[in-house]
Each structure stands twice: as structure tokens, then as C-alpha cells.
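[1] Sequence isn't available, so here's the structure alone:
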């Protein structure tokens, strides 16, 4: 429970009265609970949609759902996406890319990537059949955070210094991966049956390619690369659901 609360505090801005002290080991091993935190986030999105659907048009509700997703996560992963995109687009060598990620300023490509992800999420949620939206809103953040667990286990830490991503790549064990994957698989099957496993398989293949790409250009991953994976995976999940259904 302590590490679940830590994961919830780390991944969201949900106010918790209980503030806990933690070590790098605690932070890294809290990844076990990342999919469950994703399910909590999804529950907040579904609650938002249910509460607003009776008083606002569907398009407005979907826009507000995306807004809640941005707010409840503190835009942390969007910031990571922007830094990662700026680094990839910089055309610099490995060390230069890692320095770009550490830079606190956001470049044009970073801003563009944030806008594209938000627009894509909105448009795809809007395009989903109403009967599938609540299920999709539950699955999307679960898969997004599962992607981080897979990536942290598979990749080496590539940062120039011991940044925020280091504890996760250092502490992600095969047990963490198996348990987090089991939780994700159960949720996917419960929500979408066999189609949920097709979505999970698509995310798995994408993460393998994502890992290989950043291993080639950066030598591994950083906290920004891990966070960017969540945003991209959430878009991918919505896209796969639209293709399947």
C-alpha cells in the first residue's frame, strides 16, 4: 500500500493527506503499481464523462475529459514528450540530444508534439462509439503506464547524470514486469475481451521498437523518454481501438 500511494503521488496531483518519505528503491519499485494508478486515472476520466454527459454536448464533454487527463497528471508526461521530441529533432549526437532533454526551455517541435497529442486524443475519443468510450478511457491510461514498466525493464539508463529515470531502470525487475503485465492483461480482457489482448500486443510491439530506436540514438532511456512513452502509447491505444472496432 505504501508504494501504491507513492506511485499515486508521483504520477498524479490527486491530493493525499498522507505524505510519505521514500528512497530511490521505493520509487523504482513503485512501478509495480503504475497500471493500477492508470486505472485510478481512468476512473476519474469516466466519472467526469458520466457527470457531464447529461448537461453538455458530447464534443464538449470529450474535450473536458482530455483536459482532466492533462490536469490530473500535472502535464508531467506532456513535458517529457516535448523534451524528447526536441532532442530527437535537434539532429545532434547522443550527448547533444541528452543535453537538449535537460534544457528547461521548450522548442518549437516540443510545442508541436504536445498540440498533436492533445488533438489526436480528443479527435479519437470523439470518434469512438459511445458504448466504448468509458472502457477506452479506463484502458488508455493503464496501457500508458504499463509502457513505462516495460521500457524501464528492457532499457539501460542513458542520462548524463542520475536523473529521475534512473531509479526506475535500476529497480525494474522481471517480477515487477510480470506482475504489472498481469494486472494490465486482466484489465484489458475484462474491458475488451480478446480485442483487449490485441491492443496489449500492439503496445508491446511498439515498445520494443521504441526501445530499439532510443537505444540507437541515445544509448538507452531517460526519465523524459519514459514519460513520452506514456503519451504516445495512450494515442496508440485509442488508434488501435478505432481500428479494431
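    It's in. Since the model is a prediction, treat every value here as computed from it, not as a measurement.

[2] show me where this structure has helices.
    2-11, 24-29, 34-53, 58-72, 76-89, 94-102, 108-127, 130-154, 166-171, 174-192, 194-218, 223-244 (DSSP state H).

[3] Kindly present the ones you listed as TSV, with separate columns for mean neighbour count.
    (Each C-beta comes from the backbone N, C-alpha and C, glycine too.) Converted to TSV, the helices of the chain look like this (neighbours: other C-beta atoms under 10 Å):
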stretch	mean neighbour count
helix 2-11	18
helix 24-29	17
helix 34-53	20
helix 58-72	17
helix 76-89	23
helix 94-102	17
helix 108-127	17
helix 130-154	23
helix 166-171	21
helix 174-192	17
helix 194-218	17
helix 223-244	23
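
[4] Confidence-wise, which of the ones you listed is weakest overall?
    Lowest mean pLDDT within these: helix 24-29, at a mean of 86.

[5] Check which helices and strands that one sits against.
    For helix 24-29, the packing partners by 3 or more C-beta pairs under 8 Å, 6 or more residues apart in numbering; DSSP states H and E come out as helix 2-11, helix 166-171.

[6] Would you convert these into TSV that also reports distance to residue 61?
    Output for those, formatted as TSV (distance: least, C-beta to C-beta, whole Å):
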stretch	distance to residue 61
helix 2-11	24
helix 166-171	34
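
[7] Quick check: which of those helices is nearest to residue 34?
    If you check each of the helices and strands packed on helix 24-29 against residue 34 by C-beta to C-beta, helix 2-11 wins as the nearest, at 5.9 Å.

[8] for the closest one, the distance to its chain's centre please.
    On the basis of C-alpha atoms, centre = their mean, to the nearest Å, helix 2-11 sits 15 Å off its chain's mean C-alpha point.

[9] and the angle from it to helix 34-53?
    60 degrees (axes from the mean of the first three to the mean of the last three C-alpha atoms, to 10 degrees).

[10] Which secondary structure elements does helix 2-11 sit against?
    For helix 2-11, the elements it packs on are helix 24-29, helix 34-53, judged by 3+ C-beta pairs under 8 Å, 6+ apart.

[11] Please tabulate those helices in a markdown table, including the columns distance to residue 217.
    Shown next, in a markdown table, are the helices and strands packed on helix 2-11 (distance: least, C-beta to C-beta, whole Å):
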| stretch | distance to residue 217 |
| --- | --- |
| helix 24-29 | 24 |
| helix 34-53 | 25 |
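
[12] nearest to residue 156, of the ones you listed?
    Per C-beta to C-beta, nearest to residue 156 of these: helix 24-29, 14.2 Å.

[13] which residues are in contact with the closest one?
    The contact list for helix 24-29 (C-beta atoms under 8 Å, 6 or more residues apart in numbering) reads 2, 3, 6, 10, 166, 167, 168, 169, 170, 171, 172, 176.
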